[in-house]
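Student: prediction below, plus the sequence it came from.
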Amino acid sequence: MPDAVLFEVTAPHIALVTINRPEARNAVNGAVAAGLEAAVERVEADPDLWVAILTGAGQHAFCAGADLKEVAAGNSASLATEKGGFGGFVRAQRSKLWIAAAQSHALAGGLELLLSCDLAVAAEHANLGLPEVKRSLVAGAGGVFRLPRALPKAIALQMIATGEPILATQAAQHGLINAAVPANEVMPVALDLAHRVTANAPIAVRESLGVARRAADLPEAELWEVSRAASGRVRATEDFKEGPRAFIEKRAPRWTGR
């Protein structure tokens, strides 16, 4: 059988991670969970990888959530990992930037994977939703609290309580995703975002993300301290010296990311 998760480096500093179960609408089983956890660890461990793009294989779904056949067979525990949670991903500790490229529908756990990424691009026709309540379930992989952080309260609560999805075009209007585009443009737009990120100083990007990701959880006084510490770590790197040097020499910066 083909690997459940594919990993490739598509451009300098950019990894492409693909959930590769198109016959099952890229539903998460044990192999996907293990594969996504391994992909996160590989990106984190490689200093030459600065951005990762997460997508799904085929035309029908980014990810349909948990593989219900595995759940019915009593294998629910295999759909999560100790470090990464559901899909080996939703609770994974990540310092690098991840972009979701949803070429089609992202539902249930699939939307929770998308919500776990930092940026997202989706096909215009894609439905994004948490239908768990229709099955007497709770979207327990982060959906019930990440969605209200990403959308206006009324829209998020309507999606959670009714289980009904919204189109990617509406999601983009409200800031849930960065862009809704024709399906054949999803990957080019995601790659363009990735290239725009990798044009910047990688350590500064990672440290800035580290502060921004905690913005909703810490009081402002603590955020000042976290931000000050992040700035200090950046100032101690060669990347910090490279910025002014490149400006003086009138050339493009040569970021090391180390």
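Tutor: Nice, thanks for sending it over. These figures come from a predicted structure and were not determined experimentally. Numbers count the residues shown, from 1 in each chain.
Student: and residue 195, how many neighbours?
Tutor: Counted by other Cβ atoms under 10 Å, the residues lying close to residue 195 total 14. Bear in mind the C-beta positions are built from the backbone N, C-alpha and C, glycine included.
Student: what's the nearest residue to it if we skip its chain neighbours?
Tutor: Using Cβ to Cβ, 6 or more residues apart in numbering and skipping the chain neighbours, the partner closest in space to residue 195 is residue 11 (7.0 Å).
Student: quick one: pLDDT of residue 74?
Tutor: On the pLDDT scale, residue 74 is placed at 89.
Student: what's the neighbour count on it?
Tutor: Around residue 74 there are 8 residues (other Cβ under 10 Å).
Student: now do residue 8
Tutor: Residue 8 has 9 neighbours, counted by other Cβ under 10 Å.
Student: and residue 24, by the same measure?
Tutor: Applying other Cβ under 10 Å, we find 20 residues neighbouring residue 24.
Student: try residue 9
Tutor: Residue 9: 13 surrounding residues under other Cβ under 10 Å.
Student: low-scoring stretches of this structure, by residue?
Tutor: 1-2, 258 (pLDDT under 70).
Student: all helices of it, in order?
Tutor: Ranges of helices in the chain, per DSSP state H, are 30-45, 68-72, 109-116, 143-150, 153-162, 168-173, 186-198, 202-212, 220-235, 238-249.
Student: turn those into TSV, columns for distance to residue 62.
Tutor: Listed next are the helices of the chain as TSV, based on distance: least, Cβ to Cβ, whole Å:
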stretch	distance to residue 62
helix 30-45	12
helix 68-72	17
helix 109-116	6
helix 143-150	14
helix 153-162	17
helix 168-173	10
helix 186-198	9
helix 202-212	22
helix 220-235	32
helix 238-249	33
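Student: out of those helices, which is the most enclosed?
Tutor: Comparing those by mean neighbour count (mean count of other Cβ atoms under 10 Å), helix 109-116 ranks first with a mean of 29.
Student: what's next to it, contact-wise?
Tutor: 26, 28, 54, 56, 61-66, 79, 86-87, 89-90, 92, 98, 100, 102, 106, 120, 122, 128-130, 139, 141-143, 146-147, 150, 177 (Cβ atoms under 8 Å, 6 or more residues apart in numbering).
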